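**Student:** coords below, sequence missing:
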C-alpha cells in the first residue's frame, strides 16, 4: 500500500536551516587590505542570503583618527538625528561629524540617514561619572539604542567601523563604497533571517566598542544569556540573538580580562560527559568555566567571527552544526562559511582546514605592524584630514 505523507508536512512552510554566509580576513603583519576583498568573498556566497541583510566591519580604516571613538549612526528621520546629536554634544566633544559616504545602488532603497561622528570624552565627564572611557561609551550606546527612538548605533570603536543594511552583501559593499577603505582585518556577512525581521539595524555585524560579530545560526540560549548580561548593565534591545554574543565578548574580554582562548572555551564549552573524561587539569579548568559562566554558554547551532582591534576569532558551536572553513597564506588568515569564498580572494592558500567544534581560529595583528601601518597611512593620505581635525578640535 502506498504510504500517505502526514498533512503537516504538506502545510508546513519550508525553512532554510543552513542560511547566512560569513567571512573574515586578517593580515597579521598589519598590512592594510582593500575592503574589495571582503565584498568579493561575500559575493561568491550570494545564495546563502536572501537580500534582507548584508554588512562588513573593517579595522584600521581610520588611520588619521586612531584616538577618537567613531560612532556610525543610523537614523529613521531628522528628528531622531537632532535628538541624538543633542545627546552626543552634551556628553562628548564632537571632533568631526559628517555623512557616511554612499552611492546609489540598484537594489538598495529606503535607506536611513547615515552619519558618523569622531568623538572625544572630556576628562571632567569621566571624573564626574567615575567610569572608564570604554564604560562611558558602552553606557552611551545602550542609552541611544534603548531610549532615543529612531536612532541606532551601528559601531562605536576606535579606528574601525561597521557598514550594514538591507540588501545582498555585494550591494551593501558597493553602496557604502567599501572598496575605498583599507584595513588589516575585514569581516563580512550575508543574512538569511529566520526568526527576526530584516531591517537595517538588524543586519550584521553587531558591534560594541572595538568588538564586532558576524553570525550564522541561532542562539537558543538567548533568554538566559540576555538575563545574565542584564545583571552587568547591558540592554539587549535590537531584536536579534546575535546582540548577546557581542556583549558577552565585551564582558569577558574587556571587563573580566579573560584571554580570548578562555572566553571561547566558556562560550562553546564541551558537554559534561566529555569534561568527565578529560585529564585532571583540563577537567578542572572546564568545570570552573561551566560553574562560573554557565549562564553565558551559547547553545544552538552557530558559527561566528569576532572582529577585534588586534585581529579576529572564528568559532563554531560545540557540535559544529554550522559550516566554517579556515585557511592561511603567509601572514594572512582567512575564514568563511565556504572554501570557495576563501579561494575567490586567495586561490592557492598554503594550508586550509575545517576547525573542530568549539575550537577557535585566532589571528592576531602585531602591535608593531599596526603602528607601522598607521604611520604609513598618515604620511601618505592623512595630512589634509589631520589639519581639519586640529582646526575643529582647536589643536595647534
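**Tutor:** Received the coordinates, thanks. Everything numeric in this text was worked out from a predicted model, so none of it was measured.
**Student:** Could you use CA atoms for every contact and neighbour count after this?
**Tutor:** OK.
**Student:** And stretch 33-50, what's buried?
**Tutor:** Judged by neighbour count using 16 or more other Cα atoms under 10 Å, the buried positions of stretch 33-50 are 33-46, 48-50.
**Student:** and the end-to-end length of that stretch?
**Tutor:** 27 Å (Cα to Cα, to the nearest Å).
**Student:** what sits up against that stretch?
**Tutor:** The list of residues contacting stretch 33-50 from outside it, by Cα atoms under 8 Å, 6 or more residues apart in numbering, reads 18-25, 27, 56, 58, 168-170, 173, 178-192, 338, 340-342, 344-345.
**Student:** pLDDT averaged over that stretch, what's the number?
**Tutor:** Taken as a whole, stretch 33-50 has a mean pLDDT of 95.
**Student:** looking at it, residue 247 is touching residue 229, isn't it?
**Tutor:** Yes - distance between residue 247 and residue 229: 7.4 Å, which falls inside the contact criterion (Cα atoms under 8 Å).
**Student:** So if I had to pick from the two, which one is more boxed in?
**Tutor:** Set residue 247 next to residue 229 and count neighbours by other Cα atoms under 10 Å: residue 247 wins out with 25 against 18.
**Student:** Now the strand or helix carrying the more buried one: average pLDDT?
**Tutor:** Assigned by DSSP states H and E, residue 247 belongs to helix 242-249. For helix 242-249, mean pLDDT is 95.
**Student:** moving C-terminal of the worst-scoring helix or strand of the chain on mean pLDDT, what's the next helix or strand?
**Tutor:** Sorting the helices and strands of the chain by mean pLDDT, DSSP states H and E puts helix 7-11 at the bottom, at a mean of 39. Using DSSP H and E, the helix or strand that follows helix 7-11 in sequence is strand 21-27.
**Student:** Residue 84 looks like it's in a helix, true?
**Tutor:** Yes - under DSSP: H, G, I helix; E, B strand; the rest coil, residue 84 sits within a helix.
**Student:** and it, how many neighbours does it have?
**Tutor:** With other Cα under 10 Å as criterion, residue 84 counts 20.
**Student:** Same question for residue 147.
**Tutor:** 10.
**Student:** Okay, it and residue 263: tell me how far apart.
**Tutor:** 30 Å.
**Student:** Go ahead and confirm residue 234 touches residue 142.
**Tutor:** Yes - contact criterion Cα under 8 Å: residue 234 and residue 142 qualify, at 7.0 Å.
**Student:** for residue 214, what are its contacts?
**Tutor:** So residue 214 contacts 22, 187, 188, 189, 204, 205, 206, 242, 304, 305, 306 (Cα under 8 Å, 6+ apart).
**Student:** Neighbour-wise, which one of these leads?
**Tutor:** That'd be residue 189 among the contacts of residue 214, by other Cα under 10 Å, with 37 neighbours.
**Student:** what mean pLDDT does the one helix or strand that residue maps to have?
**Tutor:** Using DSSP H and E, residue 189 sits within strand 185-190. On average, the pLDDT along strand 185-190 is 97.
**Student:** Also stretch 120-136?
**Tutor:** 96.
**Student:** Just the buried residues of it, please?
**Tutor:** So, applying 16+ other Cα under 10 Å, buried residues of stretch 120-136: 120, 121, 134, 135, 136.
**Student:** what do you get for stretch 246-264?
**Tutor:** Buried-residue list, stretch 246-264, by 16+ other Cα under 10 Å: 246, 247, 248, 249, 250, 251, 252, 253, 254, 260, 263, 264.
**Student:** and which of the contacts of residue 214 is nearest to residue 84?
**Tutor:** Nearest to residue 84, judged by Cα to Cα, of the contacts of residue 214 is residue 206 at 19.6 Å.
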